[in-house]
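# have a look; sequence and predicted model below, questions after that.
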Amino acid sequence: MIKAENLTFSYNGSPPFVLNGIDLEIKDGEYVSVVGDNGCGKSTFLKLILKFLKPTHGSIVTGAAKIGYVPQKSDSTGSGFPITVYEMLNSYRKLLKIKDKRVVSESLRQVGLSDFSRSLMGNLSGGQAQKALIARALMGNPDLLILDEPSAGVDIDSQREIYAFLKKLNTEQGITIVSVEHNLAAAISNSTTIYHLHGGQGHFCTPQKYSEENLGEEDHHA
Amino acid sequence: MLSYGFMQNAFFVSLFISVLCPCIGVFLVLRRYSMIGDTLSHASLAGITIGLMYEQNPVLGAFIFTAICGALIEFLRKYFKKYTDLILSIVLALSVGTAITIISSGRLHTSADSFMFGSILTVTKTDMVMVMILSVISVLTLIFLYHQMVYIAYDEEAARVAGVKVGLINYVFFVLVASAISVSIRIVGVLVLSSMIALPVATALQLEKGFMKTLIFSIVFSMIDIMSGLFISYYLNVAPGGFTALVSVFVLVMVMVGKKVYSSAKAVSKA
């Protein structure tokens, strides 16, 4: 689904590199949580997958026919932008050139927001706004779903619902998921693989192994 | 009053302005670009002086020069990513420099004053035709690109993922801004043009509605502002631009007060 070879990137094109010679392969149907300290290049990595940025050296190729993207919630909903949930989804349907209007109500139903279509995005709770953004990402029937910190600013109950929903999408519909996570507990209990970025390099490990190596330390910090 | 030919011209031009300005304004305001309107209105003054110097239609001169400056702003954004306000200073310097140099050279065969403050008397039939053409093309372009423009303003990254050609549409958008400004400059004048782009939108935003309703209310407020500005300035014998700006501030304040009163009354009735 995603293959990177010698993926190297820095914002000014010269060392020090944020990502330095990364080789990786993410297979179809995986649920990968990308973890690491602040500033380790997690969001940069997502932007390279989405082609918002070009690698300084090396390459990253995505085999997905359709990509769904869920940005960090605060980026798009915290601004008081005057847009209703319906408008947000319906305009996106138009961008994706989907003719059937029912796709909007169906995607709202999927995330349990059918009663909120007339609400302003800015008036939704953190959890509801995140669900609305997930509904948007699912409208084009993506085979790859990319999320940037899906639990940021979301209450605990909604977090639980969102992760259960993501896991269901992955296991039942086979959607490949790549999610940047600062929520380590969620990463460990939901994803099939963890990709740990550190010092411009990354390595895969199983959630169990990552939990044994890191969670005790994180708990200690918390 | 409308029996006068010049007043009929002014009325029709005002009607087009009151639709076009908020249509463009809503995207400028929501993209935090309100000050671009100010910079480009100065660019339009330079365009007008160039048009007048070569004895061409000044509205056309304003449109071409403003569109070039709009494209320049978009182009320079790549080079001044962290200092976008600096771009406006650069384009402002280019525009005001051009305008002042031409005006002070004594090569203009007519006065550019009416474009600074706005004037009802100077709207010619040719201006009116130019304004109609630019307005109709702009509104049709906006309808065609509506969903793309909404998304570029709301969530540019999501728009890119959906395949929207953000760079290209940004250039088209600046041509539309140039069009709105050059259409409006005759009546409202350079100095208050940016307020006509931003204030009706600011007023509509107070109502806290969805995008389409905000746009419709922006047009309604814009019509109230510009039409009452036009008619009252006629009777008071003052420049329409200045008075329209005053009306738009008054309407904004009224809506803000009304909103406050409404929410207090609602709170009392709930208690």
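Looks like it came in fine. Residues are numbered from 1 along each chain as shown, chains lettered A, B, ... in the order given.
# please report phi then psi for the residue positioned nearest the centre of chain A.
With distances taken as Cα atoms, centre = their mean, residue A:147 lies nearest the centre of chain A, 0.8 Å away. The phi/psi pair for residue A:147 (degrees, to the nearest 10) reads phi -130, psi 140.
# and for the one 3 residues further on?
Phi and psi for residue A:150, reported as degrees, to the nearest 10, are phi -70, psi -20.
# stretch A:50-63 near chain B at all?
Yes - applying Cβ under 8 Å from any Cβ of the partner chain, one finds stretch A:50-63 touching chain B at A:50, A:52. (C-beta placed from N, C-alpha, C; glycine too.)
# how long is that stretch end to end?
One end of stretch A:50-63 to the other measures 12 Å (Cα to Cα, to the nearest Å).
# buried ones in that stretch, by neighbour count?
Buried residues in stretch A:50-63, counted by 16 or more other Cβ atoms under 10 Å in any protein chain shown: A:50, A:53, A:55, A:56, A:58, A:60, A:62.
# now for those residues: which two are most distant?
Across these, the longest distance by Cβ to Cβ is 18.2 Å; it joins A:56 and A:62.
# per-residue pLDDT, residue 173?
Since no chain was named, I'll use chain A. Per-residue pLDDT puts residue A:173 at 92.
# other chain: chain B
92.
# and for residue A:78?
54.
# where does chain A have low pLDDT?
Residue ranges of chain A with pLDDT under 70: A:73-79, A:215-222.
# up against chain A, what does the stretch 1-150 of chain B have?
B:30, B:146, B:147, B:148, B:150.
# cutoff 6 Å now
With Cβ under 6 Å from any Cβ of the partner chain as the criterion, the stretch 1-150 of chain B meets chain A at residues B:147, B:150.
# for the residue nearest to the centre of chain A, name its beta-bridge partners.
Note on residue A:147: beta-bridge partners by DSSP bridges are residue A:70, residue A:179.
# so how far is residue A:27 from it?
Note on residue A:147: its distance to residue A:27, by Cβ to Cβ, to the nearest Å, is 18 Å.
# find the helix or strand that residue A:202 is a member of.
strand A:201-205 (DSSP states H and E).
# pull up the pairing partners for that strand, direction included.
Partners of strand A:201-205 in its sheet, by DSSP bridges: strand A:193-198 (antiparallel).
# for the helix or strand bottoming out on mean pLDDT in chain B, C-alpha coordinates in PDB please.
Least confident helix or strand of chain B, by mean pLDDT, DSSP states H and E, is helix B:113-117 with a mean of 79. Taking C-alpha atoms only, helix B:113-117 is exported to PDB below (Å, rounded to 0.1, in the frame of the first residue of the first chain):
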ATOM      1  CA  ASP B 113      -9.900  62.400  -7.700                       C
ATOM      2  CA  SER B 114     -13.300  60.800  -8.300                       C
ATOM      3  CA  PHE B 115     -11.700  57.400  -8.100                       C
ATOM      4  CA  MET B 116     -10.200  58.200  -4.700                       C
ATOM      5  CA  PHE B 117     -13.500  59.100  -3.000                       C
END
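# show me how far that helix is from its chain's centre.
From the chain centre to the centre of helix B:113-117 is a distance of 16 Å (Cα atoms, centre = their mean, to the nearest Å).
# name the residues of the helix or strand following that helix that are buried.
Per DSSP H and E, the first helix or strand lying C-terminal to helix B:113-117 is helix B:125-154. Neighbour counts over helix B:125-154 (16+ other Cβ under 10 Å) mark B:127-128, B:130-131, B:134-135, B:138-139, B:141-142, B:145-154 as buried.
# for stretch A:176-185, same thing?
Under the neighbour-count criterion of 16+ other Cβ under 10 Å, stretch A:176-185 has A:176, A:177, A:178, A:179, A:180, A:181, A:183, A:184, A:185 buried.
# any chance of the residues you listed in a markdown table, with distance to residue A:35 too?
Below are the buried residues of stretch A:176-185 laid out as a markdown table (distance: Cβ to Cβ, whole Å):
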| residue | distance to residue A:35 |
| --- | --- |
| A:176 | 18 |
| A:177 | 14 |
| A:178 | 12 |
| A:179 | 10 |
| A:180 | 8 |
| A:181 | 5 |
| A:183 | 9 |
| A:184 | 6 |
| A:185 | 11 |
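# packing partners for the helix or strand where residue B:15 lies?
Using DSSP H and E, residue B:15 sits within helix B:5-30. Applying 3 or more Cβ pairs under 6 Å, 6 or more residues apart in numbering or on different chains; DSSP states H and E, we find helix B:5-30 packed against helix B:125-154, helix B:166-188, helix B:193-205, helix B:211-236.
# returning to what we had before: my read: the residue nearest to the centre of chain A touches residue A:71, true?
No - using Cβ atoms under 6 Å, residue A:147 is not in contact with residue A:71, being 8.5 Å away.
# what does chain A put close to chain B?
So chain A meets chain B at A:67, A:69, A:71, A:76, A:81-84, A:87, A:91, A:94-96 (Cβ under 6 Å from any Cβ).
# take the residues you listed and write them to JSON lines, including neighbour count and secondary structure.
Listed next are the residues of chain A next to chain B as JSON lines, based on neighbours: other Cβ atoms under 10 Å in any protein chain shown; DSSP: H, G, I helix; E, B strand; the rest coil:
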{"residue": "A:67", "neighbour count": "20", "secondary structure": "strand"}
{"residue": "A:69", "neighbour count": "23", "secondary structure": "strand"}
{"residue": "A:71", "neighbour count": "23", "secondary structure": "coil"}
{"residue": "A:76", "neighbour count": "21", "secondary structure": "helix"}
{"residue": "A:81", "neighbour count": "19", "secondary structure": "coil"}
{"residue": "A:82", "neighbour count": "25", "secondary structure": "coil"}
{"residue": "A:83", "neighbour count": "26", "secondary structure": "coil"}
{"residue": "A:84", "neighbour count": "21", "secondary structure": "strand"}
{"residue": "A:87", "neighbour count": "22", "secondary structure": "helix"}
{"residue": "A:91", "neighbour count": "26", "secondary structure": "helix"}
{"residue": "A:94", "neighbour count": "17", "secondary structure": "helix"}
{"residue": "A:95", "neighbour count": "19", "secondary structure": "helix"}
{"residue": "A:96", "neighbour count": "16", "secondary structure": "coil"}
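# ok, of those, which one's closest to residue A:204?
Residue A:204 has its nearest neighbour among these in residue A:67, at 21.1 Å by Cβ to Cβ.
# assess the claim that the closest one and residue A:144 are in contact.
Yes - assessed by Cβ under 6 Å, residue A:67 is found in contact with residue A:144 at 5.0 Å.
# now do the SS call for residue A:4.
Classification of residue A:4 by DSSP: H, G, I helix; E, B strand; the rest coil places it in strand.
# which residues does it contact?
A:22, A:24, A:60 (Cβ atoms under 6 Å, 6 or more residues apart in numbering or on different chains).
# fine, thanks again, bye for now.
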